[in-house]
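Q: would you be able to build a 3D model of this:
(2 chains, ligands or ions: 2)
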Amino acid sequence: MDLLLTLNLSISELVSPLTAAYILCAIGLSVHFGYTGLLNFGQAAFAAVGAYGMAIGVLTLKLPLLAAMGFALLCVVVFALILGIPTLRLRADYLAIVTIASAEVFRYLMSTSGFSEVTGGSNGLSQFGYEFYTWNPVPKGQYNLGLFTWTEEEVWLRLVAFSLVALSAVLVWLMMRSPWGRVMKGIREDEDAVRSLGKNVFWYKLQSLIIGGLFAGLGGIIFVIAMSNVQPSTWVTTFTFMIWTVLLLGGAATILGPIAGGMLFFVLLTLTNELLDGLRAIGWLPFLDQPQVAQIRFILIGLALMLLVVFRPQGIFGNKKELRFNA
Amino acid sequence: MPNDIVVGKAAPGCKKIDPIVVASNVTRQFGGNLAVNVEHLEIPRGKITALIGPNGAGKTTLFNLLTGFDKPNTGEWTFEGKNIAGVSSYKVARRGMIRTFQLTKSLNAMTVIENMRLGAQKQRGEGFFSSLFSFLWKGEEARITETADDLLKRFKLDAKREDYAGSLSGGQRKLLEMARALMSKPSLIMLDEPMAGVNPALTQSLLEHIKGLKAGGTTVLFVEHDMHMVRHISDWVIVMAEGKVVAEGEPNVVMKDQAVIDAYLGAHHDTDLGTMKKGK
Ligand SMILES: Nc1ncnc2c1ncn2[C@@H]1O[C@H](COP(=O)(O)OP(=O)(O)OP(=O)(O)O)[C@@H](O)[C@H]1O
Ligand SMILES: [Mg+2]
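A: Numbers count the residues shown, from 1 in each chain, chains lettered A, B, ... in the order given. Ligands and ions are numbered 1, 2, ... in the order given. Next comes the predicted model:
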């Protein structure tokens, strides 16, 4: 087992574009759940709508990439409206059920052969992201940053992904310190109280759903640019629950929580995977085979999520007084 | 005392000289239980009106209906002359009819001062786009905070300013909810058992405060089981039982009404609980 390689692989997750994609989704979920109390169990769908919106915008609508991204975000807004308008007047649990179901519906819609002309069916879509690298201002070459060596394209992708993370975090901070954010937190605590003070709670919840969804849409966009394809199988419920783990790990109603949570989560995920695999390779885990190692880490994640919720529900950064599970 | 409230004789559903709320045929049924069945009811403007009645009489349900938190089976009502039946609760509040809840709704994971600030209406910083630019709402926020601090002082909560509302005692939460409701300077404030759980020393100053509201032009409608308070501050008393308005009148008159005594007050209505415990 090459410990150095393991360590290096794990640390590279800190700044992986996929980590950034999950962080963006988790920032969106912090707006939904952490600040507004909306139980959204379909964050994968918001990301998927962003991802497919962009890919379809480029491939079918023949839009330039930037316009396709705009189109993708528009799709996210429409999706949020479709989900939100019928459910946000109802009790909180309805949203949970509807979001989890609609995420599955959306995924199946994307993978059926019926629309494969547009969606690519179960094969997904690819070859939509070239233009992204034509924007690259980073000169050609190999960039050695001590631990890693990156090509100019890898540098560019990380630069964009983490700039978006930083920008999103600043935006959420600006929103949540304002009177607007105060209304959101009030809704999280008791929406009838906020109603009795003359606030249009439904409209605020809809805004929250849209804004949090937009961050997830951006996450989806970054995800598929990094992968250079869109696969329907990416947006399964596991995707959503990884976002939840990231959020709860860092602290649901915090600005830095999703970022730290995302980085820690993916470093740990890779580290456990590599370590278990290494131990298996040198014969220390004779009862496990390779695919089982990959699965066991998700069992560990599940366990970690449970322990987290029980013992530190406020996450790493959260304030215990500000977040209890009362949604 | 010259009568400046009622037109003609006081009776259940009687007309008022200057009503702020006029409700007719309001019914609300829960299964087979007709919780509210009010033929006609008028609330006098600029007065303190008490709504009393035994447990389950329908007082809270009537509050919920009037403020849009519940939908009636039938009924029409107006506030300041405008029909507000079927209007959503937040719009009712915006028109100046603010209510508090019997089961206190303090926003526990927010500080006391943030609870208060939330009570102010028409805040520019509550719009999404302006929220991002603090220079657009900083001044307003300072004004709101000043009003809030003022109210907190009057409700003896200023020491708790930075505490989470969840760390307040039950009585303090009642006070906070009432203070918060006042942030928007309502024309009608509807208090559902404001004194429940508030200690006697503070009750006295709260009573004074409610009188002060009236002096400032605010109409007060409150539900209360504490007869001492009802007698002490209300200008008018409305008695409900089994969903209906069974009696109305000036406090000293109503409380001698045999129907009211039978329905609600019982034999000891003239004695304060304190004296009952001591002697008799
Ligand atoms: N949500 C509900 N579902 C079913 N029945 C209800 C509901 N709310 C109230 N009721 C019933 O309506 C009747 C009136 O209740 P309400 O809460 O208005 O009484 P109240 O006069 O406020 O009593 P209290 O003085 O105890 O607060 C009661 O019989 C109650 O059981
Ligand atoms: Mg009641």
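Q: for residue 239, the count of nearby residues, please.
A: As the question left the chain open, I've gone with chain A. 21 (other C-beta atoms under 10 Å in any protein chain shown). In this view, the C-beta of every residue, glycine as well, is placed from N, C-alpha and C.
Q: hmm, I had chain B in mind actually
A: Neighbours of B:Val239 using other C-beta under 10 Å come to 26.
Q: and A:Val138, that's in a strand?
A: No - per DSSP: H, G, I helix; E, B strand; the rest coil, A:Val138 lies outside any strand segment and is coil.
Q: residues contacting the nearest residue to it once chain neighbours are set aside?
A: Spatially, and ignoring its direct neighbours in sequence, A:Val138 is nearest to A:Glu152 (4.3 Å; C-beta to C-beta, 6 or more residues apart in numbering or on different chains). Each residue near A:Glu152 by C-beta atoms under 8 Å, 6 or more residues apart in numbering or on different chains is listed here: A:Asn136, A:Val138, A:Pro139, A:Lys140, A:Gly141, A:Tyr143.
Q: so A:Ala68 is in which element?
A: helix A:65-87 (DSSP states H and E).
Q: after the one helix or strand B:Glu248 maps to, heading C-terminal, what element do we hit next?
A: Applying DSSP H and E as the criterion places B:Glu248 in strand B:244-249. Later in the chain than strand B:244-249, the nearest helix or strand by DSSP H and E is helix B:251-254.
Q: export that next one as CSV, just CAs?
A: The C-alpha trace of helix B:251-254 is given here as CSV (Å, rounded to 0.1, in the frame of the first residue of the first chain):
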residue,chain,number,x,y,z
PRO,B,251,-67.9,44.8,32.7
ASN,B,252,-69.7,45.5,35.9
VAL,B,253,-73.1,44.8,34.3
VAL,B,254,-72.1,41.7,32.5
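Q: mean confidence for that helix?
A: For helix B:251-254, mean pLDDT is 86.
Q: so the residue of chain B found nearest ligand 2: helix, strand or coil?
A: Residue nearest to ligand 2 within chain B: B:Thr60 (3.1 Å; C-beta to the ion). Three-state assignment for B:Thr60 (three-state DSSP): helix.
Q: can you map out the strands along chain B?
A: Listed in chain order, the strands of chain B (DSSP state E) span B:19-30, B:33-44, B:48-52, B:74-79, B:82-83, B:97-99, B:188-192, B:219-223, B:236-241, B:244-249.
Q: wait, the stretch 201-327 of chain A
A: A:229-230 (DSSP state E, counting those that start in this stretch).
Q: any weak-confidence spans in it?
A: The model of the stretch 201-327 of chain A has pLDDT under 70 over residues A:320-327.
Q: tell me how many other residues crowd whatever residue of it ends up closest to ligand 2.
A: Per C-beta to the ion, A:Val201 is where the stretch 201-327 of chain A lies closest to ligand 2, at 22.9 Å. As a burial measure, A:Val201 scores 22 neighbours (other C-beta under 10 Å).
Q: which ones are touching it?
A: By C-beta under 8 Å, 6+ apart, the neighbours of A:Val201 are A:Ile187, A:Glu191, A:Val194, A:Arg195, B:Tyr90.
Q: domain assignment for chain B?
A: With automatic domain parsing as the criterion, the domains of chain B are listed as B:19-106+B:185-275, B:109-167.
Q: what does the pLDDT read for the residue nearest to A:Val138?
A: Listed pLDDT for A:Glu152 reads 93.
Q: hmm, back to that, pLDDT-wise, what's the bottom of the contacts of A:Val201?
A: Lowest pLDDT within these is found at A:Glu191 (93).
Q: related to what we said a few turns ago, dump the contacts of A:Glu152 to CSV, plus neighbour count and pLDDT.
A: Formatted as CSV, the contacts of A:Glu152 follow (neighbours: other C-beta atoms under 10 Å in any protein chain shown; pLDDT from 0 to 100):
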residue, neighbour count, pLDDT
A:Asn136, 15, 91
A:Val138, 16, 91
A:Pro139, 8, 92
A:Lys140, 8, 92
A:Gly141, 10, 90
A:Tyr143, 13, 91
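Q: and which of these is nearest B:Arg99?
A: When these are compared for distance to B:Arg99 (C-beta to C-beta), A:Asn136 wins out at 59.2 Å.
Q: and the closest one, what does it touch?
A: Shown in contact with A:Asn136 (C-beta under 8 Å, 6+ apart): A:Glu152, A:Glu153, A:Trp156.
Q: please name the nearest non-neighbouring residue to the second one.
A: Counting by C-beta to C-beta, 6+ apart, the nearest residue to A:Glu153 once its immediate chain neighbours are dropped is A:Tyr133, at 5.4 Å.
Q: the one you found belongs to a strand, doesn't it?
A: No - using three-state DSSP, the secondary structure at A:Tyr133 is helix, not a strand.
Q: rewinding a little: can I get the contacts of A:Glu152 in TSV including distance to ligand 2?
A: Shown next, in TSV, are those (distance: C-beta to the ion, whole Å):
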residue	distance to ligand 2
A:Asn136	66
A:Val138	67
A:Pro139	73
A:Lys140	74
A:Gly141	74
A:Tyr143	69
